[in-house]
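Asker: Structure for the following, please:
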Amino acid sequence: MSTPKKAVLEPLRVRLRRLQFTVGMGFLALVLGSMLSVALTLRLSERVQALDFAPLQYAIALLVENLWVLAVLPLLCYGSARIIELRPWPTALGTALTGQFFILALDFARDGVDGWLERGWLRTVLEWAVFAGGVVLSRQAVVRGRAHAHKQGERAQQQAAAKTDEYAEFLREAERAGEKIAQREAAKAEGQGTPEQSQPAPEQAPATPTLESSEPKPEDAPRKPAA
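Answerer: Take a look at the predicted model:
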């Protein structure tokens, strides 16, 4: 009973994990990009204000404010694609829309609808154009990250195949050495296994005289003369 349920719920779990990862990466890119933008704004504010060309000031300010989608988000997408199998367009759009949603929510909480209307159509178009550029850059970052990951995987496979070939060659050399040793041992065994020449039997020593034969026989008693 549990196996069919797991099979049905597994795709939903995968999609939910992808959504969580996308939202988290978009929020992280916004936070890191905002910190970077504030640091650059503090350092470049005097130099930018010293410029006499107002459109250039606005362009620099627009780029600095959107560093989270132009620089930070593509870097995060590239690094994540090197590790995880990500889809280019869904990842780029999902992460960018997540960050943009938080920005719009903050602007609405601060200025309301009037703040959006006061921007004007030109500024709104430019902001969304920069946003679209960041999405394209994020998509390219995912594609490059996956390509580099595949290349790294191919290199790892080639190295593993080379090590396998080296190990197989080592085994073949070991087998050859074992065969040579076995042949030498067999040749030595054949040389030592020739039949030895039969040695002549030792001559039998003469029998030692017995005690009876060694003792002298007594002479017969003298016979009496005949009458």
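Asker: remind me which residues of the protein are low pLDDT?
Answerer: 1-5, 193-227 (pLDDT under 70).
Asker: For it, which residue occupies the most central location?
Answerer: Residue closest to the average C-alpha location in the chain (CA atoms, centre = their mean): Ala156, at 7.7 Å.
Asker: What lies in contact with stretch 51-64?
Answerer: Ser37, Leu40, Thr41, Leu44, Val48, Gln49, Leu70, Leu126, Glu127, Val130 (CB atoms under 8 Å, 6 or more residues apart in numbering). Backbone N, C-alpha and C define where each C-beta goes, glycine included.
Asker: related to what we said a few turns ago, by contact count, what packs against the helix or strand the residue nearest to the centre of the chain falls within?
Answerer: If you go by DSSP states H and E, Ala156 is part of helix 121-192. Secondary-structure packing of helix 121-192 (3 or more CB pairs under 8 Å, 6 or more residues apart in numbering; DSSP states H and E): helix 54-65, helix 73-81, helix 88-119.
Asker: between the ones you listed, which gets nearest to Ala141?
Answerer: helix 73-81 (4.0 Å; CB to CB).
Asker: Show me what the closest one is packed up against.
Answerer: helix 2-49, helix 88-119, helix 121-192.
Asker: I'd like those as TSV, with distance to Ala61 appended.
Answerer: Listed next are the helices and strands packed on helix 73-81 as TSV, based on distance: least, CB to CB, whole Å:
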stretch	distance to Ala61
helix 2-49	7
helix 88-119	13
helix 121-192	11
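Asker: Determine which stretch of the helices and strands packed on helix 121-192 is the most buried.
Answerer: The highest average neighbour count among the helices and strands packed on helix 121-192, using mean count of other CB atoms under 10 Å, belongs to helix 73-81 at a mean of 21.
Asker: what about Val38, how many neighbours?
Answerer: 12 (other CB atoms under 10 Å).
Asker: Could you do Ala29 as well?
Answerer: Neighbours around Ala29, by other CB under 10 Å: 26.
Asker: For Ala96, see how far away it is.
Answerer: Ala29 sits 8 Å away from Ala96, going by CB to CB, to the nearest Å.
Asker: okay, and the common contacts of these two?
Answerer: Val69, Leu73.
Asker: Now do the contacts for Leu75.
Answerer: So Leu75 contacts Ala141 (CB under 8 Å, 6+ apart).
Asker: about what we covered before: would you mind finding the most buried of the helices and strands packed on helix 73-81?
Answerer: helix 88-119 (a mean of 15).
Asker: quick check: angle from it to helix 73-81?
Answerer: Per axes from the mean of the first three to the mean of the last three CA atoms, to 10 degrees, the angle that helix 88-119 makes with helix 73-81 is 160 degrees.
Asker: who's in contact with Leu122?
Answerer: So Leu122 contacts nothing (CB under 8 Å, 6+ apart).
Asker: what about 10 Å?
Answerer: Tyr58 (CB atoms under 10 Å, 6 or more residues apart in numbering).
Asker: What's the separation between it and Leu62?
Answerer: 11 Å.
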